[in-house]
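Visitor: predicted structure and sequence below. I'll ask about it afterward.
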Amino acid sequence: MSSQIKDQEAAAQEEIWKFILGFTPTAVVKCAIELGIPDILENCEFPITLADLASKLKCPESPLYRIMRFLIHYKVFQEKPISETSVGYSQTPLSRLLTRNGNNSMADLLLLESNQIMLAPWHKLSAWVLGNEDSPFEATHGKDLWGFVATNPSHSKLYNDGTACDARAGVRAVIEGCPEVFQGVRTLVDVGGGDGTTLRLIVEACPWIKGINFDLPHVVSVAPACVGVEHVGGSMFDRVPKADAVYLMKILHGWADEDCVAILKKCREAIPQDTGKVIVVDAVVGREDDHEFKGVGLMLDLVMIAHTSNGKQRTTKEWSNVFHEAGFTRYTIKHIRAYQSLIEAYP
Ligand SMILES: C[S@@+](CC[C@H](N)C(=O)[O-])C[C@H]1O[C@@H](n2cnc3c(N)ncnc32)[C@H](O)[C@@H]1O
Ligand SMILES: COc1ccc(-c2cc(=O)c3c(O)c(O)c(O)cc3o2)cc1
């Protein structure tokens, strides 16, 4: 056996453990979030010793040492010198994304995706591949995600808080990557806008816009009031409130092609046929460029299998098909610093 093959096999013997125990980093980061460790470190002017951290957490040092040792190895936290003889724990750019209330926090999305309700359907993936399950989520919980969220207030909050994390990141990438997308738009309806986080950020950045946050009645009924944003309840399959432009972020990826066409037709009916547009913020998979978020798009494609009935992340060709079928004459795609791209479709 050549030394090259021996080396490849040795590397595989190491690599396989990332799949055998790949859930460990998520579980330990979830533990750190629940203990509030990123928030404690964020509020420390200097690196904090194990003893001081254990004291703040009122926990023994030994288990905490092992958790922090693991998270330093995974570069979630770092150790920095406190004196010539001692070191302490401090933040990294990654752990700053795990504080509970930071503007860029992704903590609530990690708590959502690692929640048992969201993890359980993953165990039905092989049955789905064999065609024995329509939807892992429905096969596991007896109803789809919206039905589950509507009847389980605790999961509804978990879902809204988690989705709001990703909305902040998505809107930030849109505004930083393509601010001109909102030029000339006076009224904007966010279809499936959730608790209104997206429109709150958009009208803050673009105060000339009047926002209409459109989602299911039980969702908008608990959406916080926001200046410049009107909450409207209804279904995107029935009617979309009229506006200069429609905004669809993380919506179409959750639905089959025929549902997307139905949604897009309702959106097209809601905008001026000569000057209106539909702004879609969603992943484009199968892109030619090897961009940094490629893996995220592929992971979210499998999230759509686990958590939706027929959702999927779409290729450029698949996007073209649904826009054409829905009666749009042209569309543009702009890649932004996010796992999503910015797609503008015109009637
Ligand atoms: C993944 S969330 C996206 C929320 C938000 N656009 C974002 O990017 O964070 C999907 C949203 O679609 C909403 N939704 C589901 N079915 C809907 C329907 N028939 N009409 C309007 N909204 C719907 C859900 O309530 C949820 O808020
Ligand atoms: C029944 O129709 C649907 C069910 C679920 C979803 C859905 C959309 C998402 O965007 C989404 C998500 O971003 C996510 O991280 C997740 O874990 C589930 C999920 O589900 C859409 C339509």
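Guide: Sure thing, it's come through. Ligands and ions are numbered 1, 2, ... in the order given.

Visitor: count the residues that sit near the residue in the stretch 151-300 of the chain that ligand 2 sits nearest to.
Guide: Taking CB to the nearest ligand atom as the measure, the point where the stretch 151-300 of the chain comes nearest ligand 2 is Gly254, at 2.4 Å. Placement of C-beta: from N, CA and C, glycine included. Using other CB atoms under 10 Å, the number of residues around Gly254 comes to 21.

Visitor: for it, give me phi and psi.
Guide: phi -90, psi 0 (degrees, to the nearest 10).

Visitor: same deal with Val278?
Guide: Val278 adopts backbone torsions of phi -110, psi 120, taken as degrees, to the nearest 10.

Visitor: now the spatially most central residue of the chain. Nearest residue, chain neighbours left out?
Guide: The C-alpha lying nearest the average C-alpha coordinate of the chain belongs to Asp166 (CA atoms, centre = their mean; 4.0 Å). In space, and not counting its chain neighbours, Asp166 is closest to Leu109: 5.5 Å by CB to CB, 6 or more residues apart in numbering.

Visitor: from ligand 2, how far off is that neighbour?
Guide: 7 Å (CB to the nearest ligand atom, to the nearest Å).

Visitor: ok, then the element right after the helix or strand hosting that residue?
Guide: Per DSSP states H and E, Leu109 falls inside helix 107-113. Sequence order places helix 116-119 as the next helix or strand after helix 107-113, per DSSP H and E.

Visitor: helices or strands next to whatever helix or strand comes next after that next one in the packing?
Guide: Beyond helix 116-119 on the C-terminal side, the first helix or strand identified by DSSP H and E is helix 125-129. On a contact count with 3 or more CB pairs under 8 Å, 6 or more residues apart in numbering; DSSP states H and E, helix 125-129 meets helix 136-141, helix 294-307.

Visitor: what is the helix or strand in which Glu204 is found packed up against?
Guide: Assigned by DSSP H and E, Glu204 falls within helix 197-205. Applying 3+ CB pairs under 8 Å, 6+ apart, one finds that helix 197-205 makes contact with helix 153-177, strand 187-191, strand 210-215, strand 229-233, strand 245-249.

Visitor: between strand 245-249 and it, find me the angle.
Guide: 130 degrees (axes from the mean of the first three to the mean of the last three CA atoms, to 10 degrees).

Visitor: before we move on, the earlier item: tell me the pLDDT at the residue nearest to Asp166?
Guide: pLDDT recorded at Leu109 is 97.
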